[in-house]
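*Asks:* what's the 3D shape of this:
(4 chains)
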There are 2 protein chains.
Amino acid sequence: MEEKNTYNNNYDNSPLAYALNLIGGKWKLPVIWALSKNGTMRYNELKRNINVITNMMLTQVLRELENDGIINRKQYMEIPPRVEYSLTENGKELIPALKALAHWGSNMKKFNGEGM
Amino acid sequence: MEEKNTYNNNYDNSPLAYALNLIGGKWKLPVIWALSKNGTMRYNELKRNINVITNMMLTQVLRELENDGIINRKQYMEIPPRVEYSLTENGKELIPALKALAHWGSNMKKFNGEGM
DNA sequence: CAGTATCCTCACAGATACTG
DNA sequence: CAGTATCTGTGAGGATACTG
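*Replies:* Just a heads-up that it's a prediction; the model follows:
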């Protein structure tokens, strides 16, 4: 069940392509961001936290992140069901890189002076 | 002529969203990568370097990167025309962040042990 | 050489409804 | 509570042809 690689052109067989592939798409970073801020979160907690994501999108992105070793999924066999998500060590190691990007983005924003 | 922001959900008004917006899409990083390796490049040089990008895509992405202050476009008024592209200072400052991501990607690749 | 102008496709995303 | 199952649509990306 391989994901599509939107970034598999050129500069490819580059690990950068691989990285972007893992965190690409519309919802992966919002999920990673939320988990990095809040630690462990349940499904509906994530859903509430991430603005207006649908069940389908959330489920899909959680599965992909889990398969890629970026988040942990811990399911408690209770009723009602409880499932908790958190970043793996690998996932946590992503944060500094994201911060570097964010820092650059911050400078660019100032530089370009865009309203929002 | 504002670009669409694919990443403008949640974790938004975050500079990370802004950064990803600037370098998002399929072709921006290949162009940035090529320029960071080769310094100044002409249009067709980029086209040859970046695998199978079409004129349309290359032109479009060059315009956007130029408008966002990531690359310089220098046009020489000669015949035949000559146009040279290079990274701006802002563009160059992006490279370390990309390297951080690439480094993470490299680890993930090992960790996930994917064939390619 | 360095681009534009059209037209088109299809994957990603979403709405809605249902379930163990 | 934590998901699945369908169906639908939209726009980023692309093929092709033409131009100053």
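*Asks:* start to end distance for stretch A:28-46?
*Replies:* In terms of Cα to Cα, to the nearest Å, the two terminal residues of stretch A:28-46 are separated by 12 Å.
*Asks:* what residues sit buried inside it?
*Replies:* A:28, A:29, A:30, A:31, A:32, A:33, A:34, A:35, A:36, A:41, A:43, A:46 (16 or more other Cβ atoms under 10 Å in any protein chain shown). Using the backbone N, CA and C atoms, a C-beta is placed for each residue, glycine as well.
*Asks:* output the longest helix along chain A as PDB, restricted to C-alpha atoms.
*Replies:* Determined from DSSP state H, the single longest helix within chain A is helix A:89-112. Extracted in PDB, the C-alpha atoms of helix A:89-112 (Å, rounded to 0.1, in the frame of the first residue of the first chain):
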ATOM      1  CA  GLU A  89      11.000   9.400  18.200                       C
ATOM      2  CA  ASN A  90      11.400   9.800  14.500                       C
ATOM      3  CA  GLY A  91       8.500  12.100  14.500                       C
ATOM      4  CA  LYS A  92       9.900  14.200  17.200                       C
ATOM      5  CA  GLU A  93      13.200  14.500  15.300                       C
ATOM      6  CA  LEU A  94      11.300  16.200  12.500                       C
ATOM      7  CA  ILE A  95      10.300  19.200  14.700                       C
ATOM      8  CA  PRO A  96      13.700  21.000  14.600                       C
ATOM      9  CA  ALA A  97      13.800  20.800  10.800                       C
ATOM     10  CA  LEU A  98      10.300  22.200  10.700                       C
ATOM     11  CA  LYS A  99      11.300  24.900  13.000                       C
ATOM     12  CA  ALA A 100      14.200  25.800  10.700                       C
ATOM     13  CA  LEU A 101      11.800  26.000   7.800                       C
ATOM     14  CA  ALA A 102       9.400  28.100   9.900                       C
ATOM     15  CA  HIS A 103      12.200  30.400  10.800                       C
ATOM     16  CA  TRP A 104      13.000  31.000   7.200                       C
ATOM     17  CA  GLY A 105       9.300  31.400   6.400                       C
ATOM     18  CA  SER A 106       9.200  34.100   9.100                       C
ATOM     19  CA  ASN A 107      12.000  36.000   7.500                       C
ATOM     20  CA  MET A 108      10.400  35.700   4.100                       C
ATOM     21  CA  LYS A 109       7.200  37.000   5.400                       C
ATOM     22  CA  LYS A 110       8.800  40.000   6.800                       C
ATOM     23  CA  PHE A 111      10.800  40.500   3.600                       C
ATOM     24  CA  ASN A 112       7.800  40.100   1.300                       C
END
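*Asks:* just the angle between that helix and helix B:89-112, please?
*Replies:* Per axes from the mean of the first three to the mean of the last three Cα atoms, to 10 degrees, the angle that helix A:89-112 makes with helix B:89-112 is 170 degrees.
*Asks:* got a list of contacts for helix A:89-112?
*Replies:* Applying Cβ atoms under 8 Å, 6 or more residues apart in numbering or on different chains, the external contacts of helix A:89-112 come out as A:19, A:23, A:29, A:32-33, A:35-36, A:65, A:69-71, B:14-20, B:22, B:68-70, B:90, B:93-94, B:96-97, B:100-101, B:103-104, B:107-108, B:111.
*Asks:* buried subset of those?
*Replies:* A:19, A:23, A:29, A:32-33, A:35-36, A:65, A:70-71, B:14-20, B:22, B:68, B:70, B:90, B:94, B:97, B:100-101, B:103-104, B:107-108.
*Asks:* want to throw the buried residues of stretch A:28-46 into CSV with pLDDT and secondary structure?
*Replies:* Output for the buried residues of stretch A:28-46, formatted as CSV (pLDDT from 0 to 100; DSSP: H, G, I helix; E, B strand; the rest coil):
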residue, pLDDT, secondary structure
A:28, 95, helix
A:29, 93, helix
A:30, 92, helix
A:31, 95, helix
A:32, 95, helix
A:33, 92, helix
A:34, 94, helix
A:35, 96, helix
A:36, 95, helix
A:41, 98, strand
A:43, 98, helix
A:46, 96, helix
